[in-house]
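**Student:** Sequence and predicted structure, then a few things I'm wondering about:
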Amino acid sequence: MSCPPDLEKSSHHTDSPSHDGRQRSQEEIRFAKGEDPKSFSPLYKAFVTWEMSMLAFVGSLGSSIMSPAQADMAMYLNISEQATVLSLSLFVLGYAFGPLIWAPISEVYGRRLSMLPAVFGLCILSIGTAVSKEPASVFITRFIGGVFGSAPISNVSAALGDIYDPRVRGVPMAFYALCVIGGPTLAPIVGAALTANPHLGWRWTEYLEAIIGFAVLITTVFFLPETYAPVLLRRKAQLMRKKTGDPSYWHASERNKMDLKTTITKQLSRPLQ
């Protein structure tokens, strides 16, 4: 069966037996013209960069937004102000463990699935912190929130590499870095204003983080494209096999098993090797 004209295939050929016992040629799927994320228009690349950087901003916001609220938290939770520092330290500690999970997931399932569910989890955990009545629940939700918040911080740089060539990557990376730094820089100012307001208080530092996170999440869920080439090509090969019934469509990334056991034992252990 010949390949449709809008598809490009690599020159790599393999032979596999067909159902009638004869050898048939397999050719690896490649991007057609305009499908490669690196071929996005400059304006669309700027939009995607902005969306990804906002995800990173949300992930970094929680690292310091509660810092002005320590005195109020200590009074409400009946603990010392020194103990409330754990709410900040544990969140940042989550940054150390999160990339061990999210980076391999981004290579197996793509950039979107490694960041968007994590940001959603961060928003839910921020609400969990805001409604907490015991120190333990504050500390637990903050630590897990840091694990989830690390996803965009660690994966956006890789996603930018999916759409930009190295020679033009400097400005987008600088904007991403500005958002990562801007989160913990602006957060204490916002947190202080919320804490000082008698009608709001320390809980609203976390409510606001959740509100900002959900606002960014809504736009990215609908408008952020997948950018990781192996995932896109694997989906394309699967779609072509389904449409045509021709098993010769394939991509090299399909050789990797995608079940949960393999993901846990192989992909998630890769950063530790």
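**Tutor:** Structure's in. What do you need?

**Student:** quick check: longest helix of this structure.
**Tutor:** helix 135-163 (DSSP state H).

**Student:** for that helix, packing partners?
**Tutor:** helix 42-61, helix 70-77, helix 86-109, helix 111-130, helix 170-196 (3 or more CB pairs under 8 Å, 6 or more residues apart in numbering; DSSP states H and E). Where you see a C-beta, it was placed from the backbone N, CA and C, and this is true even at glycine.

**Student:** And Leu93, how far from Ser137?
**Tutor:** 17 Å (CB to CB, to the nearest Å).

**Student:** swap that for Phe40, sorry
**Tutor:** Phe40 is 43 Å from Ser137, by CB to CB.

**Student:** In terms of neighbours, single out the busier of the two.
**Tutor:** Phe40 (18 against 14; other CB atoms under 10 Å).

**Student:** residues in contact with the spatially closest residue to that one that is not a sequence neighbour?
**Tutor:** Setting aside the residues directly before and after it, Phe40 is nearest to Ile163 in space (CB to CB, 6 or more residues apart in numbering), at 5.8 Å. Taking CB atoms under 8 Å, 6 or more residues apart in numbering as the contact definition, Ile163 lies against 37-38, 40, 45, 48-49, 227.

**Student:** and of those, the nearest to Arg167?
**Tutor:** Distances from Arg167 to the contacts of Ile163, taken as CB to CB, are shortest for Lys38 (11.9 Å).

**Student:** and the nearest residue to the closest one once chain neighbours are set aside, how far is that from Pro188?
**Tutor:** Using CB to CB, 6+ apart and skipping the chain neighbours, the partner closest in space to Lys38 is Ile163 (5.9 Å). Per CB to CB, Ile163 is found 33 Å from Pro188.

**Student:** now Gly59
**Tutor:** Taken as CB to CB, the span from Gly59 to Pro188 is 17 Å.

**Student:** the domain parsing of this protein - what is it?
**Tutor:** 37-227, 228-272 (the TED database).

**Student:** before we move on, the earlier item: when Gly59 and Pro188 are compared, which one has more neighbours?
**Tutor:** Gly59 (31 against 18).

**Student:** What strand or helix carries Ile29?
**Tutor:** Using DSSP states H and E, Ile29 maps to strand 23-30.

**Student:** moving C-terminal of the helix or strand in which Ile218 is found, what's the next helix or strand?
**Tutor:** Assigned by DSSP H and E, Ile218 falls within helix 203-223. Helices and strands here follow DSSP H and E; after helix 203-223, the next one along the chain is helix 229-244.

**Student:** Show me which parts of that following helix are buried, residue by residue.
**Tutor:** The neighbour-count check on helix 229-244 (16 or more other CB atoms under 10 Å) flags 229, 231-234, 236-237, 240 as buried.

**Student:** Now pLDDT and distance to Val156 too, for the contacts of Ile163, in TSV please.
**Tutor:** Shown next, in TSV, are those (pLDDT from 0 to 100; distance: CB to CB, whole Å):
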residue	pLDDT	distance to Val156
Pro37	92	14
Lys38	93	16
Phe40	94	16
Lys45	96	14
Val48	97	10
Thr49	98	9
Thr227	94	10
